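[1] Got a sequence here, can you model it:
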Amino acid sequence: MKNKQYLFYLIDEISFKLSNIYISKSFNTTKTAAFIQILTEQGIYPILEENKLKVQLDDNSKTESFVVQKGISVLDFFISEFNKIGYSFYQTRDGFYVKSFDDLMPTKLDKQDSKFVYATNNQLYKNLIYEFNNAPMSSSTISGSPNSKTYFFDPEQKKIVSINQTYNDVKSDMTLNNNNKTLQSNVGTSVSFQNRLDSVQHINNIRESYLHTFKIDIIVNGHMNNDINKIFEVDLPGHKGNVKSQFEGNVQSSGNYVSLSIVDKLIGDKLLQKVTLGRSDSQK
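    So this is what the prediction gives:
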């Protein structure tokens, strides 16, 4: 007798519906107002109410003429369009949000109530780390490309002009300590071309570049308050064979991180979570 194994991928109802809505419709309003209109017309609001989700859809108050095209799902269209105007569209366990990138900087995010630790004598400690996976961190800095340059055609000047955004522009909002060293060495520049006369979307590109330069995965107890866009303080063990490192712990990898994704896993009657974290500290 052969055993059969089944693998199920679960997606929440709201994301499923939005990813399967394809419409062609023109608007002359703000992106958030158009999104709200589609949520109303497609019957999404009753689902939000049934799941008791908080709804916070911030508006940049910029009226535009644009078309939602049928060749792309409503979900993908608005994720892309919100990004262009400096907003992020995401869902957490308890809410449904459109928020400005400025509100998602690490210094403005909520911090978990206690540290996540790998080693402790208290085996009933809530935030135990059962397993972790991290890439080695260099002893000085890690190269990245958090700088960006945007080129666009300015009709008034009748020429191609550029706007620069650098890591230093948002450094004070990115790092959660006062170390002199930087996590990234700001090598290289991300270049893009667009017809918009601003580059607000690149603030988020810098944020994402920074957070994804050094990531770790941790396996922890499942808790409803573990969610994305929160600050996790992590204490990881030192390297085996090094007495000083064993005593002090991993001083380079331990620190503050932003939660980028949460995956739930049921093993028997126990809920575990794999949390992917992006570094938001300057290294020690």
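[2] Residue 223 against residue 114, yeah?
    No - if you go by Cβ atoms under 8 Å, residue 223 and residue 114 don't touch, sitting 10.8 Å apart. For glycine as for every other residue, the C-beta is placed from the backbone atoms N, C-alpha and C.
[3] For my notes, confirm residue 80 occurs in a strand.
    No - counting by DSSP: H, G, I helix; E, B strand; the rest coil, residue 80 falls outside a strand, being helix.
[4] overlap in contacts of residue 223 and residue 114?
    Residues within reach of residue 223 and of residue 114 at once, by Cβ atoms under 8 Å, 6 or more residues apart in numbering, are residue 126.
[5] neighbour count winner among these two?
    residue 223 (13 against 10; other Cβ atoms under 10 Å).
[6] What distance do you get for the more buried one to residue 267?
    Separation of residue 223 from residue 267 (Cβ to Cβ, to the nearest Å): 15 Å.
[7] so which strand or helix has the nearest residue to residue 82 once chain neighbours are set aside?
    Distances taken as Cβ to Cβ, 6 or more residues apart in numbering place residue 89 nearest to residue 82, at 4.7 Å, with adjacent residues excluded. In the assignment (DSSP states H and E), residue 89 maps to strand 87-91.
[8] Next secondary structure element downstream of that strand?
    Next along from strand 87-91, by DSSP H and E: strand 95-100.
[9] who does that next one touch, helix- and strand-wise?
    Identification of packing neighbours for strand 95-100 by 3 or more Cβ pairs under 8 Å, 6 or more residues apart in numbering; DSSP states H and E yields strand 54-57, strand 87-91.
[10] Just the buried residues of it, please?
    Buried positions in strand 95-100, judged by neighbour count with 16 or more other Cβ atoms under 10 Å: 96-100.
[11] Alpha carbons only: can I get it in PDB?
    Only the C-alpha atoms of strand 95-100 are listed here, as PDB (Å, rounded to 0.1, in the frame of the first residue of the first chain):
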ATOM      1  CA  GLY A  95      -5.700  44.800   9.700                       C
ATOM      2  CA  PHE A  96      -5.800  45.900   6.100                       C
ATOM      3  CA  TYR A  97      -3.700  48.900   5.300                       C
ATOM      4  CA  VAL A  98      -2.500  51.500   2.800                       C
ATOM      5  CA  LYS A  99       0.200  53.500   4.600                       C
ATOM      6  CA  SER A 100       2.900  56.000   3.700                       C
END
